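Undergrad: Have a look at this prediction, sequence included:
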Amino acid sequence: MKKILVPTDFSEVANNAFVHALELASKVDAELLLLHTYELPIVDNQFFPENYQTIFDSLEMAQFEKFKELVPKLHSIAEERKLQHIKFSHIIMDGDLVYNIKECISKEGIDMVVMGTSGATGWKEVFIGTNTGEVISSVNVPVLCIPAVADFNYIKNIGFTTRFREKDKAALTKTIEIAKLTYSKVKCLYVQTDSSDVVDDKITYWEEEFKNDPIQFFVIPNDDVTTTILDFITNQEIDVLAMVRHKRNFFVNLFETSLAEKMSYNSEIPILVLHE
């Protein structure tokens with residue numbers, strides 16, 4: 001992992017994500033690229049034929065001045081955390097946020113996106129109808145989502161949820177790579193419901209395949225998947241929860257039902273979303 005993209009609007013939520021990205025970059029020896037985007041308003045130039053360009057030039061200049069004014073604050077944050085040695089550069093782009101993120105990933109060789117979530121718990125925002133959710137569904141690199149209330153903690157345990165499908169292995173391997181870079185352990189959870197069709201031999205096969213990696217497997221019988229995941233986070237002291245992005249309906253059902261009332265005590269957990 002050499003290059004991490006951090007979208008920012010210089011809000012407290014974004015600055016908090018920047019802190020997490022800084023600390024991660026320090027652990028894995030990566031550099032950061034900070035992306036600030038803005039959208040120019042749609043103006044019908046038939047009503048402003050003479051000063052059309054002037055309007056846009058002034059708006060762009062205002063964005064640039066704001067950018068130039070706020071960037072030193074990020075350098076101050078790095079200095080306060082004694083991480084001023086971390087290399088980070090800046091880019092400012094007009095246009096749609098998700099499109100610009102995809103452009104940066106493609107052109108800059110980005111390995112991961114770290115961005116803040118500002119929803120009530122941060123979790124629902126990751127998967128349903130927000131900028132963060134749109135980014136996750138549109139990019140092909142891991143996205144680390146940082147809830148607004150998540151203070152930085154050194155990563156010791158990364159949770160990973162699986163159904164022991166072959167296409168989960170690539171994401172699990174990526175999670176293990178991150179665990180090795182951060183000197184942490186992966187705790188892999190399978191919630192075994194009454195309708196589960198995973199046989200014991202498959203679980204044993206996975207345990208054998210990954211026996212030399214820093215990973216521990218947990219199989220917990222329970223039909224309440226959401227509660228089991230939340231209890232697992234608490235009981236196993238999970239610092240980051242890694243999940244494979246399946247079909248959107250799975251997340252809607254999981255995070256829109258009982259999660260809202262149960263998530264308040266776990267809202268500070270960042271989520272690492274990987275792709276199949």
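TA: Looks like it came in fine.
Undergrad: so where do the strands sit in the stretch 101-250 of the chain?
TA: For the stretch 101-250 of the chain, applying DSSP state E, counting those that start in this stretch gives strands covering 112-117, 143-147, 157-161, 185-192, 215-221, 240-245.
Undergrad: what lines up beside the third one in the sheet?
TA: Same thing as strand 157-161. strand 185-192 (parallel), strand 240-245 (parallel) (DSSP bridges).
Undergrad: Which residues outside the first one are in contact with it?
TA: Residues from elsewhere that reach strand 185-192, judged by CB atoms under 8 Å, 6 or more residues apart in numbering: 156-164, 172, 175-176, 179, 198, 203, 213-222, 225, 228-229, 232, 236, 238, 242. The way it works is simple: take the backbone N, C-alpha and C, and place the C-beta from them, glycine included.
Undergrad: buried subset of those residues?
TA: 157-162, 164, 172, 175-176, 179, 203, 213, 215, 217, 225, 228-229, 232, 238, 242 (16 or more other CB atoms under 10 Å).
Undergrad: quick one: low-confidence ranges for the stretch 101-250 of the chain?
TA: For the stretch 101-250 of the chain, applying pLDDT under 70 flags the ranges 118-133, 246-250.
Undergrad: hmm, try it at 80
TA: 118-138, 226, 245-250 (pLDDT under 80).
Undergrad: Please report the number of neighbouring residues for Leu74.
TA: 21 (other CB atoms under 10 Å).
Undergrad: Tell me which helix or strand it sits in.
TA: helix 52-80 (DSSP states H and E).
Undergrad: who does the helix or strand just after that helix touch, helix- and strand-wise?
TA: Counting by DSSP H and E, the next helix or strand C-terminal to helix 52-80 is strand 88-94. When contacts are defined as 3 or more CB pairs under 8 Å, 6 or more residues apart in numbering; DSSP states H and E, strand 88-94 sits against strand 31-38, helix 52-80, helix 97-108.
Undergrad: got the angle for strand 88-94 vs strand 31-38?
TA: 20 degrees (axes from the mean of the first three to the mean of the last three CA atoms, to 10 degrees).
Undergrad: Can you tell me which residue is spatially central in this structure?
TA: Nearest to the geometric centre of the chain sits Leu144, at 1.9 Å (CA atoms, centre = their mean).
Undergrad: right, and it touches Ile269 too?
TA: No - in this structure Leu144 lies outside contact range of Ile269 using CB atoms under 8 Å: 11.5 Å.
Undergrad: list residues touching both of those two?
TA: Contacts common to Leu144 and Ile269, judged by CB under 8 Å, 6+ apart, are Val240.
Undergrad: For the residue lying closest to the residue nearest to the centre of the chain once chain neighbours are set aside, give me its contacts.
TA: Distances taken as CB to CB, 6 or more residues apart in numbering put Val114 closest to Leu144, at 4.6 Å, once the chain neighbours are dropped. With contacts defined as CB under 8 Å, 6+ apart, the neighbours of Val114 are Ile4, Leu5, Val6, Ala17, His20, Ala21, Leu24, Val143, Leu144, Ile146.
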